[in-house]
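K.L.:
compute the structure for the input listed below.
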Amino acid sequence: MSSLNGIRLYLLIFLPLIVSVLSINTLFAQQEDLLVLDNWIKFRDHDNALYHHLSEQAKKYLDKRLLEIKSISTSDEWKERQSQIRETLLQVVGPFPPKTRLHAIIVDTIIKEGFKVEKIVFESRPHFYVTACLYLPEKIEKKRPAIIYCSGHSDIGFRNGPYQLVILNLVKKGFIVFAFDPVGQGERIQHYDVDFAESKIGLPTVEHSYPGAQCFLTGSSLANYIIWDGIRAVDYLLSREEVDIERIGITGRSGGGTQAAYIAAFDKRILAVAPECYTTSFERLLESMGPCDAEQNFYHGIASGIDFADLYEVRAPFPTLIITTTRDIFSIQGARETTMEIKKMYRSFGKEKNIRQIEDDDIHASTVNNREKTYAFFQKFLNLPGSPDEEKVSYLTREELQITSTGQVCTSLGSETVFNLNAEFANRQIKNSVAKEKNILLHIQTTRQIAGDISGYQVPEKGSNPVFTGRLKRDGYSIEKYFIQGEGKYVIPYLLFKPVGEGPFPVIIYLHPGDKGTEAHPGGEIEWFVRKGWMVVAPDLLGQGEAGPGSYKGDAYDFKPGRVSYNLWFLAIQIKRSLTGIQAGDVNRLIDCIKNRQDVNTHQISALAKGEKCPVITHAAVFNPDINKIVLFEPLATFRMLVTHQYYKPRFIPSSVAGSIGQYDLPDLYAALAPRPLLLINVVDQIGQRLGEKDIETDFSIVYKTYRKLNMPDRFKIRQKEAYQALDDVLDDWLTN
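P.N.:
Model prediction:
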């Protein structure tokens, strides 16, 4: 081969690879160029800043609670605290509905050696069906103690083998056992796909969190439904002549442990409780695995002073067994510390023997040792003596334990769902709030106050000085890199795109749901504004870009379709905050900083947001009159849509505000911005589809009325932008007017 041919061959083989590598390196270089915190050792973990910030705020509430606990020494003081806890729990979980007829029916009976199983359906709420099995030992001659068994996160509920092992052993020892399907599990899938015979949403944790998020938006919780099902399960047991109503227990593992602890805390008729692989403390939970799915969070729970221990202390001195493993996902240290606190209370009542923690060396699992101690616990406190030794059992098949004809209450019985019931609740709240709109000016004034309280917005402190970390030069403008102090122990990195010249320049705060660099490339949207003579400030708000979202995803993440973490949103709710409220505060903190620049026209500060960042800029503008012009691309029309439609895009949840339904909505905030110029482009519904003209007229009537009331109807506009249209087609007049 000649040297020339060799060179040609070399170029044919390796030149594309070299070009590819150079292109990738160029891309990486551009990305690195836009990093504000790069090479700052202090901020190596800054992408987890949101988690740390929420956890630190939670710890302040938890520390305050511990100080109150340490000051209690007498049984009378503990009794007073019990009364307070009981009232607080009702506030953060309730309201519960009135009790209605159970309409319980025995669908079928299975006869097995030594026991029988009755398949039962009852209504915990009207047309809200609960599937359950009542396990009855043979030859019941006198009333027996009964134990409610709660299932953990298994899609088949109590039919799962490890759960059957406990249930059948309890039955063999002479206990009546009542096992029911929690919502989202077994035969109570809330979003059932008939064609594929599975949930349309995903596994139980997301089956809980998807409708659970809708409950939080109304100020309710999924825990409300789960607890009420359990209370009604007790009602059913009390209707059975075989059951001794003075000897009722409850147990369950993992999510079933959650349910057992919850239900026992709210129902005094339960004598003995034994939750397994659940108990810890919020401090240790947040330090280790992080907050869990919707059922395991109360609305404003931590902010109201509630911790794991309160679920047991509220029922003291009734018998309690806390079942743990040393390598559980739920911190064993938290379980030990919680038990120590509870023991202090039981000791003051002279009933220290009624509270006990057991542990075995294992992962998040059930062990023989723990199970046998559980059997012994119930044998002692429900007064049914016998051997606690575990016996071998033969599991019943899923087909044997199928209760409804189709295997799902939605298709067999046309059952109500959590969505249906919560939507009805939401509509009642919305109907009650409509009257507020009659006096428009008063309505928008109160909206500001209500939105501030419910979103957890905090007025930013003045005086944060920016830290300059570098500059890039581009044709006709420069990119300056800064960060300022945020609300907590984190910083807000931002890029400042500055046209050539001295200024003063009009400013646009630019929020993108991706990160600050998404439209920062040459030829991108940000450059379009800069070439029009605007200074553009693009931050990474807490939870995005260099400030997040971090490594934590949680168990409410893998939805079908899409992957969005709800768990940090749940944690914010626990501490009476919202991600939107926190980010809105940081936007205004950034604006206060920008106003101090000599090259800024402080009378021309505008804001642009896209998609999920629209609620953030809307809240920020409502609380900050310095933002004198707002444009929103593809904003969600209303929070109401997320609640009154069964299916929605999970991406809208983190920027929504829990408890807002019936109190205020996005159109109320838009009205509160009047008479400032407000432009909405391509308004979308809960699934991301463009809103039709009729819906726009209905949903935004309060906005139109307000702008007309102030004699400035032309300052509020809703437009459509097609993919082929340039920004000039929809924004040129907005920029100049």
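
K.L.:
does Thr258 count as helix, strand or coil?
P.N.:
Using DSSP: H, G, I helix; E, B strand; the rest coil, the structure places Thr258 in helix.

K.L.:
okay, it: pLDDT?
P.N.:
Per-residue pLDDT puts Thr258 at 98.

K.L.:
run through the stretch 151-300 of the chain and note the low-pLDDT ranges.
P.N.:
Of all residues in the stretch 151-300 of the chain, none has pLDDT under 70.

K.L.:
what does the stretch 401-550 of the chain give?
P.N.:
434-437, 463.

K.L.:
that one: helices as residue ranges?
P.N.:
For the stretch 401-550 of the chain, applying DSSP state H, counting those that start in this stretch gives helices covering 409-412, 418-434, 440-455, 525-531.

K.L.:
could you give the angle of the longest one to helix 440-455?
P.N.:
For helix 418-434 against helix 440-455, the angle between stretch directions is 140 degrees (axes from the mean of the first three to the mean of the last three Cα atoms, to 10 degrees).

K.L.:
just checking, what packs against helix 418-434?
P.N.:
Here helix 418-434 is seen to pack against helix 204-217, helix 222-238, helix 640-644 when contacts are counted using 3 or more Cβ pairs under 8 Å, 6 or more residues apart in numbering; DSSP states H and E. Bear in mind the C-beta positions are built from the backbone N, C-alpha and C, glycine included.

K.L.:
spatially central residue in this structure, please.
P.N.:
Compute the mean C-alpha point of the chain, and by Cα atoms, centre = their mean the closest residue is Phe570, 3.1 Å away.

K.L.:
show me what contacts that one?
P.N.:
Contacts for Phe570 (Cβ atoms under 8 Å, 6 or more residues apart in numbering) come out as 209, 216, 291-294, 297, 554, 556.

K.L.:
quick one: which of these is nearest to Leu495?
P.N.:
Nearest to Leu495 among these: Gly554, at 29.6 Å, using Cβ to Cβ.

K.L.:
where does the closest one sit: helix, strand or coil?
P.N.:
Gly554 ends up coil, using three-state DSSP.

K.L.:
list the buried residues in stretch 608-625.
P.N.:
608-624 (16 or more other Cβ atoms under 10 Å).

K.L.:
scratch that, stretch 646-663 is what I was asking about
P.N.:
In stretch 646-663, counting by 16+ other Cβ under 10 Å, buried: 646, 648-663.

K.L.:
mind pulling the model confidence for the nearest residue to Ser73 once chain neighbours are set aside?
P.N.:
If the residues on either side of it in the chain are set aside, Ser73 comes closest to Ser348, at 7.4 Å by Cβ to Cβ, 6 or more residues apart in numbering. Looking at Ser348, its pLDDT is 96.

K.L.:
domain parsing for this protein?
P.N.:
Using automatic domain parsing, the domain ranges for the chain come out as 107-425, 456-736.

K.L.:
element containing the residue nearest to Leu673 when sequence neighbours are not counted?
P.N.:
Among residues not flanking Leu673 along the chain, Ala621 sits closest, at 5.7 Å (Cβ to Cβ, 6+ apart). Ala621 belongs to helix 614-622 when assigned by DSSP states H and E.
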